[in-house]
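# Structure here, sequence nowhere to be found:
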């Protein structure tokens with residue numbers, strides 16, 4: 001099963017395509033404030049014909065609200081926690097620095 005994760009931030013859109021639990025593709029696009037064209041660029045790069053589920057997070061994730069029929073939005077902090085558990089399950093702490101804010 002393919003899953004697509006999108007992080008729509010204040011300056012970039014990041015996408016990760018996973019098949020089962022393996023990262024198959026990762027892309028990043030600087031959108032320069034033009035979110036729709038940034039999404040078009042990301043969707044052009046990602047091979048997502050077989051995507052079964054899509055997850056969206058980030059400070060500008062609400063742009064997808066009307067576009068996705070079955071939407072599930074995950075806040076930044078829970079998304080970071082889930083990603084950390086997957087990529088580095090033994091981590092004791094995480095520092096997140098984005099263009100809009102920094103958290104630890």
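Happy to help now that I have it. Please read all numbers here as calculations on a predicted model, not as lab measurements. Numbers count the residues shown, from 1 in each chain.
# For the rest of this, base every contact and every neighbour count on C-alpha atoms.
Noted.
# Bridging across strands, which residues link to residue 6?
residue 15, residue 56 (DSSP bridges).
# Isn't it up against residue 15?
Yes - the criterion here is Cα atoms under 8 Å, and residue 6 meets it with residue 15 at 4.6 Å.
# Would you mind measuring from residue 90 to residue 84?
9 Å (Cα to Cα, to the nearest Å).
# which of these two has more neighbours?
Remark: of residue 90 and residue 84, residue 84 carries more neighbours, 16 against 9, as counted by other Cα atoms under 10 Å.
# Just confirm the more buried one contacts residue 91, I think it does.
Yes - between residue 84 and residue 91 there is a contact under Cα under 8 Å: 7.3 Å.
# Could you name every residue contacting both of those two?
Counting by Cα atoms under 8 Å, 6 or more residues apart in numbering, residue 84 and residue 91 have no contacts in common.
# pLDDT at residue 43, what is it?
With respect to pLDDT, residue 43 has a value of 89.
# That one falls within a helix, correct?
Yes - assessed by DSSP: H, G, I helix; E, B strand; the rest coil, residue 43 belongs to a helix.
# Burial check on it, number of neighbours?
Neighbour tally, residue 43, other Cα under 10 Å: 13.
# Regarding residue 93, what are the backbone dihedral angles?
Main-chain dihedrals, residue 93, degrees, to the nearest 10: phi -150, psi 160.
# scratch that, residue 86 is what I was asking about
Per degrees, to the nearest 10, the backbone of residue 86 is at phi -70, psi -50.
# measure it to residue 80 for me?
On the measure of Cα to Cα, residue 86 and residue 80 end up 10 Å apart.
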